[in-house]
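**Student:** turn this into a model:
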Amino acid sequence: MRTLEPTVDYTGIDIAEPAIDLARQTYQEARFEVADGVTIPFDDGAFDLVHCTSVLVIEPRYQEVWEEMYRVSSRFVLADMRLLKDIESQGGLQDSHYRIQFDAQDQEGIVPYVVSDADEVVNCLLNLVPRPRALRGTGYFHEVSKMAGTRYSQVCMSILLVEKGNLETTRTELDLNDLPLEFSAFPG
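**Tutor:** So this is what the prediction gives:
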């Protein structure tokens, strides 16, 4: 982000203290805090953009994380998620996991491999308060990594952008046509 806009005021959070320590050493001009994403230690509307990458694909509490990111954003929230349709009817993904490497070393850990139900995610986002002004998405199907233990062979890797509304927002502009999923009907 700093490469594209060197004057951006950047703040990063991570749940892992070693990751924050490394980030502080590498990017001394930026601010980094340890937080779990469910509780973000900043005021309402503190950031123009909240960008969440590679978190909601291993964090099953996406509803709480979206609510908290939306709270601290004054304009936009951008996040990636793995989506599928009708996960509950397919038996859910409770036993899915992913072997993750840390800092390109031999250290390895096992984290949840989270795939969320597409309709449930959209309903969650449409119910954020205040109502979003817009919800946009793009994505593609890809084969599941061999490092993942899950029953599914493909998932839809999705990028979702929520534009924050205000108390007067009565309609959300939906632009999900670039997602290769057929969504249920949602109120505008």
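**Student:** confirm M69 sits in a strand?
**Tutor:** No - when the secondary structure is assigned by DSSP: H, G, I helix; E, B strand; the rest coil, M69 falls in helix instead of a strand.
**Student:** which neighbouring elements make contact with the worst-scoring helix or strand of the chain on mean pLDDT?
**Tutor:** Taking mean pLDDT, DSSP states H and E as the measure, strand 97-101 is the helix or strand of the chain with the lowest mean score, a mean of 73. Using 3 or more CB pairs under 8 Å, 6 or more residues apart in numbering; DSSP states H and E as the contact criterion, the neighbours of strand 97-101 among helices and strands are strand 108-112, strand 148-149. In short, each C-beta sits where N, CA and C put it, glycine included.
**Student:** can you rerun that using 7 Å?
**Tutor:** Other helices and strands packing on strand 97-101, by 3 or more CB pairs under 7 Å, 6 or more residues apart in numbering; DSSP states H and E, are strand 108-112.
**Student:** so which residues of the protein form strands?
**Tutor:** For the chain, the strands defined by DSSP state E occupy 11-14, 31-34, 47-52, 73-84, 97-101, 108-112, 116-117, 134-143, 148-149, 154-163, 173-178.
**Student:** hey, least reliable of those strands by pLDDT?
**Tutor:** The stretch with the lowest mean pLDDT among those is strand 97-101, at a mean of 73.
**Student:** and the direction of it versus that of strand 108-112, what angle?
**Tutor:** Here the directions of strand 97-101 and strand 108-112 differ by 150 degrees (axes from the mean of the first three to the mean of the last three CA atoms, to 10 degrees).
**Student:** list the pairing partners of strand 97-101 within its sheet, with orientation.
**Tutor:** Note on strand 97-101: by DSSP bridges, its sheet partners are strand 108-112 (antiparallel), strand 148-149 (antiparallel).
**Student:** before we move on, the earlier item: now the strands of the chain in a markdown table, with distance to D21 and mean neighbour count?
**Tutor:** Formatted as a markdown table, the entries for those read as follows, by distance: least, CB to CB, whole Å; neighbours: other CB atoms under 10 Å:
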| stretch | distance to D21 | mean neighbour count |
| --- | --- | --- |
| strand 11-14 | 10 | 17 |
| strand 31-34 | 9 | 14 |
| strand 47-52 | 21 | 17 |
| strand 73-84 | 24 | 20 |
| strand 97-101 | 18 | 15 |
| strand 108-112 | 17 | 12 |
| strand 116-117 | 30 | 20 |
| strand 134-143 | 32 | 16 |
| strand 148-149 | 28 | 16 |
| strand 154-163 | 29 | 19 |
| strand 173-178 | 38 | 14 |
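**Student:** which pLDDT value belongs to Y27?
**Tutor:** With respect to pLDDT, Y27 has a value of 89.
**Student:** revised request: answer the last question for P6.
**Tutor:** Taken from the predicted model, the pLDDT recorded for P6 is 77.
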